[in-house]
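# Predicted model, plus sequence, below.
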Amino acid sequence: MSYYRHHLFFCVNERQDGRPCCGSHGSKAMRDYLKGRVKELGLTGPGGVRVTTAGCFDRCDLGPVLVIYPEAVWYTFVDRDDIDEILQRHLIEGEIVERLTV
């Protein structure tokens, strides 16, 4: 059994050469927002949810990305509404948000 029920990895990589990257799409702010919401809802800790910062996943052309394990579901997102939907439907209800998968 996994230590965490869900472990999220947010790419926050920033490239200095002008190529697309998650960092240029606000991924740090969205990571911080979700991390705060997970804490507010008491979902953290063993058996709960862990939100982790990651470097480049080499999927930059998909927009900002995050991956949730153990399911290995890859998501892209645009704003807090998307993050809230991933939180509610995937992390709380256990349903994959198909429209945001990549």
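Looks like it came in fine.

# So which bits of stretch 32-41 are buried?
Under the neighbour-count criterion of 16 or more other C-beta atoms under 10 Å, stretch 32-41 has 33-35, 37-38 buried. All C-beta spots, glycine's among them, are computed from the backbone N, C-alpha and C.

# go on, stretch 2-9?
Neighbour-count burial for stretch 2-9 flags 4, 6-9 (criterion: 16+ other C-beta under 10 Å).

# do stretch 63-71 as well
Within stretch 63-71, the residues that count as buried by 16+ other C-beta under 10 Å are 63-68.

# go on, stretch 94-102?
Taking 16+ other C-beta under 10 Å as the neighbour-count basis, stretch 94-102 is seen to contain the buried residues 97, 100.

# ok, now stretch 13-27?
13, 21-23, 25, 27.

# Closest one to residue 86 out of those, please.
residue 27 (13.3 Å; C-beta to C-beta).

# Tell me which residues touch the spatially closest residue to that closest one that is not a sequence neighbour, please.
For residue 27, ignoring the flanking residues on the chain, the nearest one in space by C-beta to C-beta, 6 or more residues apart in numbering is residue 64 at 4.1 Å. Residue 64 sits next to 10-11, 22, 25-27, 30, 76-77 when contact means C-beta atoms under 8 Å, 6 or more residues apart in numbering.

# could those go into JSON lines alongside pLDDT, secondary structure and distance to residue 84?
Rendered in JSON lines, the data for those read as follows (pLDDT from 0 to 100; DSSP: H, G, I helix; E, B strand; the rest coil; distance: C-beta to C-beta, whole Å):
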{"residue": "10", "pLDDT": "97", "secondary structure": "strand", "distance to residue 84": "15"}
{"residue": "11", "pLDDT": "96", "secondary structure": "strand", "distance to residue 84": "19"}
{"residue": "22", "pLDDT": "94", "secondary structure": "helix", "distance to residue 84": "19"}
{"residue": "25", "pLDDT": "92", "secondary structure": "helix", "distance to residue 84": "17"}
{"residue": "26", "pLDDT": "93", "secondary structure": "coil", "distance to residue 84": "15"}
{"residue": "27", "pLDDT": "96", "secondary structure": "helix", "distance to residue 84": "16"}
{"residue": "30", "pLDDT": "97", "secondary structure": "helix", "distance to residue 84": "11"}
{"residue": "76", "pLDDT": "97", "secondary structure": "strand", "distance to residue 84": "15"}
{"residue": "77", "pLDDT": "97", "secondary structure": "coil", "distance to residue 84": "10"}
